[in-house]
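# Pasting a predicted model and its sequence here:
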Amino acid sequence: MEFSILADTFSKMETTRKRLELTQHLVELFEKTPQQVISKIVYLLQGKLRPDFEGIELGVAEKLAIRAISKSSGIPIKKIETEYRKGGDLGHAASVILEQKTQTTFLMEDITVERVYETLFKIAKIGGTRSQDMKMKYISSLLNDATPIEASFILKILLGTLRLGIAENTVMDGLAITFTGNKENRKILEHAYNVSSDLGKVAEVIASKGLEGIEAFQIELFNPIRPMLADRIRSEEEAVEKMGEKFAAEYKLDGERVQLHIEGQKVVLFSRSLENITSYYPDIIEKIPKSIQADKVILEAEIVAINENSGEFLPFQELMHRRRKYRIEKAISQYPITVNFFDVLYYNETSCLELGYEQRRKLLEKIVKENDFVKHVPMIIVTNKNEIEEFLENSINSGCEGLMLKMLDKPYQAGSRGSHWLKLKREYRNELGDSLDLVVIGAFFGKGRRTGRYGTLLLATYEDDQDTFTSICKVGTGFTDDDLDQLYQILSDKVTIKKNPRIDSNMEADVWFEPELVIEVVASEITLSPIHKAARDEIRKNTGLALRFPKFTGKIRIEKAAEDASTNEEVITLYKGQKKIAHDKNRM
Ligand code: ATP
């Protein structure tokens, strides 16, 4: 398939954010796509080469890309840098530069999607001492044969700056319309995506086997399942109101959620955002198989740091020490953990997702043998408010965040946040009712004690409909000196020359970041805001929502991707909830 078809679609998509128009462009593209390249097209549309969980990163630096452009165009590096500074988009700058190309290539080879994909794949896989030279050779070989517009998109993919604003749901809409003629069938595709986390694979199956193939889609070991998420509630009363007469209450442990895929001695761990985190926990890999009574199984657990002497749970932050590549052995002995199991999703070739919670829990207890390292998450069946309160108290006293409440007869809803699971946290009793996980999009330099570091951060919520990050507040309190140093270090790698197009903010920050890092904040209330862009026009026209007196809680949510941050929908619910409380109080 000619790469120009894809580049054409990319250019059309870049001019719109409207979901219907994007879907239309996708349908036109998929109609022209041969079956054997559809998965590649789907990955490339998302600026990827493979599903996220495979961890294949292109990781090409701007400098290298500039050298490659210079090599294939004959134009000096300085001139390319000047052009780049004008617009802040190297892909675009390359297309302008290549228009002025002084070297001509006589034997131009056709650029196909297959060739671009294979070359990018090679670039991603190259390691070793000569890797930079090899990468440059591959990039300039592509640029030599590319038209300016093709070159601009090849570079955007390489640099990770292709932002078409298409959410996964929009891709599935496009697939459903193209291959089944009915957008409603997206629901069936969604199921396949939720159990595989691989949109390329879903595309391949629908294109080659149609709906029947999708309906027969099976869970595969070592392919992560998208996690089920919980709605939040504020009180024991609300729990009883929403959950009915009898339900399960489990401790909500403050650790790292992990999905374990196990077959014999082979264990692979996926984080909440489905990143492969196996290398951080060699102790789990070594010890877990002995506790598992199953041939093949997918389980969910919370990894929690513990105090070895008292057995008490320690806060999530302690697990940060495990995020290192070197001297992991030392971290294992210094920061011991336990693995606390709470669900089973797949057991000996059979999916468990359709089983009710109670059945899954029974099965889990049968499969996982407890010892010092391996535990079942504490659980009781509750029927009233007092029982919940007492269990909540116990949970908090042993170092947990609160409770997870789960309906007894409900299946595991992969990939969705719903009311079959509810979370009741201690902070929910504070003024706002909950903490929020927000994306750091910009910063302002500090003064006084904070000179040379960022004094205030600009934060955003995730707008999942548009795939954008909308500003919601500036935060400058709650940071210790260590926090400021650590954040400065992490964020320095994420600085961009221009504001990323997915960021929606009117503010003039001193620096802008790639929207990647998620931190937790609390606040006293949510107010209407003429400046901020979160939930703009949702409550009142030309007005957004903002956090009042926000404060950093000390938690950097390394396990969350930016797309897992609090959404505007959640903020609107909190805003309405606080209104309701104020209204109820006034009536008392
Ligand atoms: P939070 O910010 O509250 O951790 P979240 O967005 O990561 O929430 P939710 O589904 O809203 O995810 O809350 C559930 C989270 O709580 C899980 O992701 C998991 O890490 C953690 N957790 C702790 N104990 C349990 C448990 N018993 N059952 C399920 N999840 C648990």
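Okay, I see it. Numbers count the residues shown, from 1 in each chain.

# helices or strands up against the helix or strand hosting Q132?
With elements taken from DSSP states H and E, the one containing Q132 is helix 131-145. Where contact means 3 or more Cβ pairs under 8 Å, 6 or more residues apart in numbering; DSSP states H and E, helix 131-145 is packed against helix 62-73, helix 113-125, helix 148-159. For every residue, glycine as well, the C-beta is placed using N, CA and C.

# change it to 10 Å
helix 62-73, helix 90-99, helix 113-125, helix 148-159 (3 or more Cβ pairs under 10 Å, 6 or more residues apart in numbering; DSSP states H and E).

# Just checking stretch 382-395 against the ligand, any contact.
No - using Cβ under 6 Å from any ligand atom, stretch 382-395 stays clear of the ligand, with a minimum separation of 9.4 Å.

# Could you give me the buried positions within that stretch?
Burial within stretch 382-395, assessed by neighbour count using 16 or more other Cβ atoms under 10 Å, is assigned to 382, 388-389, 391-392, 395.

# near the ligand, which residues of the stretch 1-150 of the chain show up?
Close to the ligand, as judged by Cβ under 6 Å from any ligand atom, the stretch 1-150 of the chain has no residues.

# Repeat that for the chain.
So far as Cβ under 6 Å from any ligand atom goes, the chain lies against the ligand at 229-230, 250-253, 257, 272, 302, 342, 377, 404, 423, 437.

# and those, which are buried?
230, 250-253, 257, 272, 302, 342, 377, 404, 423, 437.

# what bits of the stretch 1-150 of the chain have low per-residue confidence?
Applying pLDDT under 70 to the stretch 1-150 of the chain flags the ranges 87, 101-108.

# Also the stretch 401-550 of the chain?
In the stretch 401-550 of the chain, residues with pLDDT under 70: 426-433, 448-450.

# Residue of it closest to the ligand, please.
M404 (4.1 Å; Cβ to the nearest ligand atom).

# Make sure that residue is indeed in a helix.
No - counting by DSSP: H, G, I helix; E, B strand; the rest coil, M404 falls outside a helix, being strand.

# Specify the beta-bridge partners of it.
E250, K423 (DSSP bridges).

# Quick check: it vs K296, distance?
From M404 over to K296 the distance is 26 Å, taken as Cβ to Cβ, to the nearest Å.

# ditto for W421
25 Å.

# Just want to know which of these two has more residues nearby.
W421 (22 against 17; other Cβ atoms under 10 Å).

# and after the stretch of helix or strand that one belongs to, which helix or strand comes next?
Per DSSP H and E: W421 is located in strand 417-425. Remark: after strand 417-425, the chain's next helix or strand is strand 436-445, criterion DSSP H and E.

# Paired strands for that next one, with orientation please.
strand 454-463 (antiparallel), strand 511-513 (antiparallel), strand 518-522 (antiparallel).

# What are the contacting residues of the second one?
If you take Cβ atoms under 10 Å, 6 or more residues apart in numbering as the criterion, strand 511-513 is touched by 88, 439-445, 454, 457-458, 490-500, 503, 505.

# Please check these and keep the buried ones.
Buried subset of the contacts of strand 511-513 (neighbour count, 16+ other Cβ under 10 Å): 439-444, 454, 457-458, 490-491, 494, 496, 499-500, 503, 505.

# and the closest residue to the ligand within the stretch 51-200 of the chain, how many neighbours does it have?
The ligand sits closest to N194 of the stretch 51-200 of the chain, with a gap of 14.5 Å, by Cβ to the nearest ligand atom. For N194, the number of neighbouring residues by other Cβ under 10 Å comes to 21.

# contacting residues for it?
202, 217, 219, 225-228, 353, 412-416.

# quick one: which of those has the most company?
V202 (28 neighbours).

# Averaged pLDDT, the host helix or strand of H191. What do you get?
Per DSSP H and E: H191 is located in helix 186-196. Mean per-residue pLDDT for helix 186-196: 95.

# So T456 sits against G478, correct?
No - T456 is beyond contact range of G478, at 11.4 Å (criterion: Cβ atoms under 10 Å).

# which element is the closest residue to V339 other than its chain neighbours on?
What sits nearest to V339 in space, not counting adjacent residues and going by Cβ to Cβ, 6 or more residues apart in numbering, is A301, at 4.9 Å. Using DSSP H and E, A301 sits within strand 296-305.

# average pLDDT for that strand?
Per-residue scores along strand 296-305 average to 97.

# Parallel or antiparallel, list what pairs with it.
strand 256-263 (antiparallel), strand 337-347 (antiparallel).

# Make CSV out of those and add mean pLDDT.
Shown next, in CSV, are those (pLDDT from 0 to 100):
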stretch, mean pLDDT
strand 256-263, 97
strand 337-347, 97
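
# Which of those sits closest to M136?
strand 256-263 (37.5 Å; Cβ to Cβ).

# residues contacting the residue nearest to E370 when sequence neighbours are not counted?
Spatial nearest neighbour of E370, chain neighbours left out: H376 (6.1 Å); criterion: Cβ to Cβ, 6+ apart. By Cβ under 10 Å, 6+ apart, the residues touching H376 are 250, 301, 340-342, 361, 364-365, 368-370.

# Report the two members of these separated by the largest distance.
Most distant of the contacts of H376, by Cβ to Cβ, are E250 and K369, 19.0 Å apart.

# Just to be sure, C473 is in a strand?
Yes - remark: C473 belongs to a strand, assigned using three-state DSSP.

# so it makes contact with L436?
Yes - counting by Cβ under 10 Å, L436 is a contact partner of C473 at 9.2 Å.

# who touches both of those two?
459, 461, 521, 523, 526, 547, 550.

# Does the last one touch T527 like I think?
No - distance between P550 and T527: 11.2 Å, which falls outside the contact criterion (Cβ under 10 Å).

# Mind listing the shared neighbours of these two?
C473.

# Among the two, which residue is more densely surrounded?
P550 (22 against 16).

# which residues touch the more buried one?
432, 436, 438, 457, 459, 472-478, 521-524.

# Which one of those is nearest to E563?
Looking across these and measuring by Cβ to Cβ, the closest to E563 is L438, at 12.7 Å.

# Report the spatially nearest residue to that closest one, omitting neighbours in sequence.
Closest to L438 by Cβ to Cβ, 6+ apart is L459, at 3.9 Å.

# Tell me how many other residues crowd the one you found.
Using other Cβ under 10 Å: L459 sits among 29 other residues.

# Just the buried ones from the contacts of P550?
432, 436, 438, 457, 459, 472-476, 521-523.

# What is the nearest of the residues you listed to I539?
Looking across the buried ones among the contacts of P550 and measuring by Cβ to Cβ, the closest to I539 is I472, at 13.3 Å.
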